[in-house]
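1. Structure of the sequence below:
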Amino acid sequence: MEWINETPTGLELHIRAMPRASKNEIQGLHDGALKIRLTTPPIDGKANQALIKFLSKTLHISKTQIELTQGETSRNKTLRISGLSKNELQERLSV
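-> Now for the predicted structure:
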């Protein structure tokens, strides 16, 4: 499985979120997903909000350009990102 796919509506990213980490960071690729560590606990959707905020800052895009499409209560998530090409995304993430 590819961790990033281009679709007509934007880029689809497969994320493996690791809440309650010591710091927010991108840890690299793991089992076909981009592994991201977050300091926020997974309570009441706060980790999902933190993930979107972290990616928004990292990618230099608006939070409204990032949409959680799958995995609201799972560590395995799918996000849709609009307004970036696959190459731009990979450059900004340095993956």
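2. And the residue nearest to the spatial centre of the chain, its phi and psi?
-> Central residue of the chain (C-alpha atoms, centre = their mean): Ile15, 5.2 Å from the mean position. When read as degrees, to the nearest 10, the backbone of Ile15 gives phi -120, psi 140.
3. I'd say it and Ala33 touch.
-> Yes. In this structure, Ile15 is within contact of Ala33 by C-beta atoms under 8 Å, at 5.9 Å. (Glycine included, C-beta is placed from N, CA and C.)
4. any shared contact partners between the two?
-> By C-beta atoms under 8 Å, 6 or more residues apart in numbering, Ile15 and Ala33 have these common neighbours: Asn76.
5. and Ser62, how many neighbours does it have?
-> 10 (other C-beta atoms under 10 Å).
6. Now it. Nearest residue, chain neighbours left out?
-> Using C-beta to C-beta, 6 or more residues apart in numbering and skipping residues adjacent in sequence, the residue nearest Ser62 is Ser56, 6.5 Å away.
7. what does Asn24 give?
-> Phe54 (5.1 Å).
8. could you pull out the strands for the chain?
-> 4-7, 10-18, 25-30, 33-37, 66-70, 76-81 (DSSP state E).
9. now the angle between strand 76-81 and the fifth one, please.
-> With axes from the mean of the first three to the mean of the last three C-alpha atoms, to 10 degrees as the basis, strand 66-70 and strand 76-81 are set at 140 degrees to each other.
10. still on that earlier bit, now do the same contact list for the residue nearest to the centre of the chain.
-> Ala33, Leu34, Lys35, Ile36, Leu51, Gly71, Asn76, Lys77, Thr78, Leu79.
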